[in-house]
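*Asks:* here you go, sequence then predicted model.
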Amino acid sequence: MGYRFKTPVVVSFGEEAYFLDKDLALFQDQTAYSVVTLDGSDVTDAEVVSVCETVQIDFDDPSNLKPKAVVLDNAGKLKGDKALKAYLESRDPQDLSVVLAAVVRSDKCPAIWSKLGKKATVVERKKLKTWDNNNEVVAWVMAEAERLGLKLDIKIATSMFQVVGSNFYVLASELSKLRVLVGAGARVTVDHLKLVMTPSTTAGSWDVADAVFLRNRGKAMNLLSNIFKFASEDPTLMILGSLMKSSERLFVARAMKDRGSSDEEIAARFGMHPFRYKMALLPQVEKQDLKTLTRSMKMLSKLDVELKRTSHKRTLIELAVLELAT
């Protein structure tokens, strides 16, 4: 069953790709709507408005005028020009004859989508916490297992996290395999887990970025190697994205520190608990200066272009990690 639209504009944004992809699939799974899918990387603002305003005709049954759902992936790639803004602001909150469902793959939702009041439903998909005393990924595993009809205790869920990490695509796949293996209502044991779990790595692109900006070249390269070893698809752009976002965040933190801001003020700027900031981000900030970070951001921007033009992506990202971590 598809997502039930309640407003003429629906927006899902955040950095947790798995949940954004799930939302995208729900938006597209509409039997009561004629669904048109667009990609913000390939269309202009004007083309989005044109598709929304064009009447969808069923030539097999012209009398069947279904409402339309325009599903827009990568909506953050659009410019947000006057035409699109005017169209969004003109929408009647009660009119669901045309629904524009957008996915913004960023932790920041542009104002053109977030400032629509009752015209829009906006959902944020935050990165789930993996703190020792608050592991939201483990909690998600247990909730998903319950949804599938599996009996799974916290020790099993924690074991899955320790093997897979926060790769929700793999976790969901393993839970589905457990459902087939043990059946609905059955309790999952360690032996069941051993039968279905596939080798993986707990290393993620953010771990690589952390090691890079801590100047730990050996660890960064080992993590990078593990990611490539177990990746099911090319991870270079994901790694690049983490490096770019980390460098931008560190630039802001370093600039604030140089202006005399306290650790508490810097932590608040990023929505972090002061203790977590001091343990995780401050050690990186202390190893950087604004000149170096500016050079790093320029290098990563150039790399972004180069990666889209070459087949030697892994070599380029490895060289970049080596240079940044030195």
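*Replies:* Received the coordinates, thanks.
*Asks:* which residues in the stretch 101-250 of the chain form strands?
*Replies:* 120-125, 130-131, 134-135 (DSSP state E, counting those that start in this stretch).
*Asks:* low-confidence regions, the stretch 1-150 of the chain specifically.
*Replies:* Scanning the stretch 1-150 of the chain for pLDDT under 70 picks out 1-3, 55-64.
*Asks:* and what of the stretch 151-300 of the chain?
*Replies:* Using pLDDT under 70, the stretch 151-300 of the chain drops low at 198-203.
*Asks:* and the helices in it?
*Replies:* 154-164, 168-182, 190-196, 205-213, 217-230, 236-258, 263-269, 274-276, 282-285, 290-307 (DSSP state H, counting those that start in this stretch).
*Asks:* and of those helices, who's closest to Lys126?
*Replies:* Nearest to Lys126, of all these, is helix 168-182, at 12.9 Å by CB to CB. Every residue, glycine included, has its C-beta placed from N, CA and C.
*Asks:* neighbours of the closest residue to Leu282 other than its chain neighbours, how many?
*Replies:* Closest residue in space to Leu282, ignoring its immediate chain neighbours: Asp263 at 6.5 Å, by CB to CB, 6 or more residues apart in numbering. For Asp263, the neighbour count with other CB atoms under 10 Å is 17.
*Asks:* surely Asp263 meets Leu281?
*Replies:* No. Using CB atoms under 8 Å, Asp263 is not in contact with Leu281; the gap is 9.4 Å.
*Asks:* looking at this, Val35 is in a strand?
*Replies:* Yes. Using DSSP: H, G, I helix; E, B strand; the rest coil, the secondary structure at Val35 is a strand.
*Asks:* is it true that it touches Pro67?
*Replies:* No. Using CB under 8 Å, Val35 is not in contact with Pro67; the gap is 10.2 Å.
*Asks:* give me the more crowded residue out of the two.
*Replies:* Using other CB under 10 Å as the criterion, Val35 and Pro67 rank with Val35 on top: 19 against 15.
*Asks:* look up how far Glu124 lies from the residue lying closest to that one once chain neighbours are set aside.
*Replies:* Distances taken as CB to CB, 6+ apart place Ala69 nearest to Val35, at 4.8 Å, with adjacent residues excluded. Ala69 is 21 Å from Glu124, where distance means CB to CB, to the nearest Å.
*Asks:* compare those two (neighbour count), which wins?
*Replies:* Taking neighbours as other CB under 10 Å, Ala69 and Glu124 compare with Ala69 leading, 25 against 15.
*Asks:* bridged to that one, which residues?
*Replies:* Assessed by DSSP bridges, Ala69 has beta-bridge partners Val35, Val99.
*Asks:* my read is that it contacts Val9, right?
*Replies:* No. Assessed by CB under 8 Å, Ala69 is found out of contact with Val9, at 11.3 Å.
*Asks:* what do those two both touch?
*Replies:* Here Ala69 and Val9 have 99, 101 as joint contacts, going by CB atoms under 8 Å, 6 or more residues apart in numbering.
*Asks:* got the CA coordinates for stretch 296-311 in PDB?
*Replies:* What follows is stretch 296-311 as a C-alpha-only set of coordinates in PDB (Å, rounded to 0.1, in the frame of the first residue of the first chain):
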ATOM      1  CA  SER A 296      41.200  20.700   1.100                       C
ATOM      2  CA  MET A 297      37.800  22.000   0.000                       C
ATOM      3  CA  LYS A 298      39.100  23.200  -3.300                       C
ATOM      4  CA  MET A 299      40.900  19.900  -3.900                       C
ATOM      5  CA  LEU A 300      37.700  18.000  -3.100                       C
ATOM      6  CA  SER A 301      35.600  20.200  -5.400                       C
ATOM      7  CA  LYS A 302      38.000  19.500  -8.200                       C
ATOM      8  CA  LEU A 303      38.000  15.800  -7.400                       C
ATOM      9  CA  ASP A 304      34.200  15.800  -7.700                       C
ATOM     10  CA  VAL A 305      34.500  16.900 -11.300                       C
ATOM     11  CA  GLU A 306      37.300  14.400 -12.100                       C
ATOM     12  CA  LEU A 307      35.500  11.400 -10.600                       C
ATOM     13  CA  LYS A 308      32.600  11.900 -13.100                       C
ATOM     14  CA  ARG A 309      34.900  11.800 -16.000                       C
ATOM     15  CA  THR A 310      37.200   8.900 -15.300                       C
ATOM     16  CA  SER A 311      37.000   5.100 -14.900                       C
END
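*Asks:* what's next to that stretch, contact-wise?
*Replies:* For stretch 296-311, the external contacting residues (CB under 8 Å, 6+ apart) are 236-237, 240, 243-244, 247-248, 251, 313, 316-317, 320, 323-324.
*Asks:* ok, now stretch 66-78?
*Replies:* Residues contacting stretch 66-78 (CB under 8 Å, 6+ apart): 5, 11, 13, 24, 27-28, 30, 32-41, 43-45, 48, 51-52, 56, 58, 84, 96-106, 110, 113.
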